[in-house]
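# show me the folded form of this:
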Amino acid sequence: IDVGSDNRMLFETLSSPKAQQALGEQGTILVKEWLDVIARKGGVTGDRQLAILDALRRNVGLAQLGLNLSTIMIQPTAIMDAAAQIGTWASKGLRDVVMDKNIREFVMQNMPEIRRRVGDDRAFLDYFESTIGKKAQEWGYAGIKATDSITASGAAWGAYIKKLDELKVPLDLTKPNAEAISYAQSIVRQTQASSLFKDAPLAISRGALTGNRSVDRALLQFQTFVLTRWAQLRHSLPAELRAGNYKKASQVVLWLAMATFAEEGIRRGVKAG
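Residues are numbered from 1 along each chain as shown. Okay, the predicted model is just below:
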């Protein structure tokens, strides 16, 4: 209801020859499909889903990742994805969130997208229909959810104080800055795999990879962070290079490489232990 008129206007704009020329054929299709996801609040259902495969995916996800120590320990490495965009502000943000309860409360109260997070993958939202199944899944994913929440909050807070610094606005927890909050949430969307349908890749929300949502979501189970990381390499890195921001481009490559090495090191360490 709230976005209906805006969405309709965007659909009409997309049908204009000028918009289609600017976006190209493939770009027009992608934008149209994303607008359709917003209009349907999550995409299409029915013939593009397989109920049995969805049930298997949920059960396997719980069995594989529930209370998995290496997966829990890997979650904080996502702060390096944020660092690819905002540099060392990301680590400062994570430290502040961990150390200061007031900052955690500020983030939750003023950043609805952080408040809505329950994990770093849409699979966290696919609860079982039975009460027992729901409880088992909630307990199984508790550690992952907790570390993801802290990491995403750290990325958001780091981006928030970075923007305040750029705007030359003093920090005041009683007076949230709208521009800085908007910037912080955009950084989270760019760098932290989101559980919100509006941010999900079309491969997950519409089955754009194989043509079937259930198959695509099974293939990409708990791998949306990979798609998020690829988006930075595919879009952010070339944009910085074209603009001549070679320092920022090297920052993107360095931090994403460090995140990958850290994840692999944690996995090997936990297995060795």
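# C-alpha from now on. contacts and neighbour counts both.
OK.
# quick one: least confident helix or strand in the protein?
Least confident helix or strand, the chain: helix 131-140 with a mean of 52, by mean pLDDT, DSSP states H and E.
# what's the nearest residue to residue 74 if we skip its chain neighbours?
Excluding the flanking residues, the one nearest residue 74 by CA to CA, 6 or more residues apart in numbering is residue 263, at 5.7 Å.
# over to residue 147?
Spatially, and ignoring its direct neighbours in sequence, residue 147 is nearest to residue 75 (6.0 Å; CA to CA, 6+ apart).
# so who does the one you found touch?
Neighbour list for residue 75: 144, 147-148, 151 [criterion: CA atoms under 8 Å, 6 or more residues apart in numbering].
# need the three-state assignment for it.
Assigned by DSSP: H, G, I helix; E, B strand; the rest coil, the conformation of residue 75 is helix.
# same check on residue 238?
Residue 238 - assigned by three-state DSSP - is helix.
# for it, give me its contacts.
residue 249.
# separation between it and residue 249?
With distances taken as CA to CA, to the nearest Å, residue 238 is found 8 Å from residue 249.
# before we move on, the earlier item: most neighbours among the contacts of residue 75, please name it.
residue 151 (29 neighbours; other CA atoms under 10 Å).
# that residue contacts residue 79, doesn't it?
Yes. Using CA atoms under 8 Å, residue 151 makes contact with residue 79 at a distance of 6.0 Å.
# mutual contacts of these two, please.
residue 94.
# and for residue 41, the neighbour number?
That count, for residue 41 with other CA under 10 Å as the rule, works out to 13.
# can you tell me how far it is from residue 200?
Between residue 41 and residue 200 the computed distance is 12 Å (CA to CA).
# can you list the buried residues in whatever helix or strand comes next after the least confident helix or strand of the chain?
Counting by DSSP states H and E, the next helix or strand C-terminal to helix 131-140 is helix 142-167. For helix 142-167, a neighbour-count test (16 or more other CA atoms under 10 Å) marks 142-145, 147-164 as buried.
# show me where pLDDT drops low in this structure?
Residues of the chain that meet the criterion pLDDT under 70 lie in 42-70, 118-142, 194-195, 203, 205-223, 273.
# contacting residues for the closest residue to residue 254 other than its chain neighbours?
Closest residue in space to residue 254, ignoring its immediate chain neighbours: residue 84 at 7.5 Å, by CA to CA, 6+ apart. Taking CA under 8 Å, 6+ apart, we find residue 84 in contact with 251-256.
# which among those residues count as buried?
By neighbour count, with 16+ other CA under 10 Å, the contacts of residue 84 hold 251-252, 255-256 as buried.
# as a markdown table, the residues you listed with distance to residue 179 would be great.
Formatted as a markdown table, the buried ones among the contacts of residue 84 follow (distance: CA to CA, whole Å):
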| residue | distance to residue 179 |
| --- | --- |
| 251 | 24 |
| 252 | 24 |
| 255 | 26 |
| 256 | 27 |
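# what would those residues look like in JSON lines with secondary structure?
As requested, the buried ones among the contacts of residue 84 are exported to JSON lines (three-state DSSP):
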{"residue": "251", "secondary structure": "helix"}
{"residue": "252", "secondary structure": "helix"}
{"residue": "255", "secondary structure": "helix"}
{"residue": "256", "secondary structure": "helix"}
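# from the residues you listed, pick the one nearest residue 21.
Distances from residue 21 to the buried ones among the contacts of residue 84, taken as CA to CA, are shortest for residue 252 (30.7 Å).
# shouldn't the closest one be in contact with residue 234?
No. If you go by CA under 8 Å, residue 252 and residue 234 don't touch, sitting 11.2 Å apart.
# how far out from the middle of the chain is stretch 6-20?
26 Å (CA atoms, centre = their mean, to the nearest Å).
# first to last residue in that stretch, what's the distance?
OK, stretch 6-20 end separation, CA to CA: 18 Å.
# please apply the same query to stretch 165-174.
First residue to last in stretch 165-174 (CA to CA) measures 17 Å.
# tell me how far that stretch is from the chain's mean position?
For stretch 165-174, the separation from the chain centroid amounts to 26 Å (computed by CA atoms, centre = their mean).
# let the chain start at 885 from now.
Okay, residue one is now 885; in that scheme the one you just asked about reads as stretch 1049-1058.
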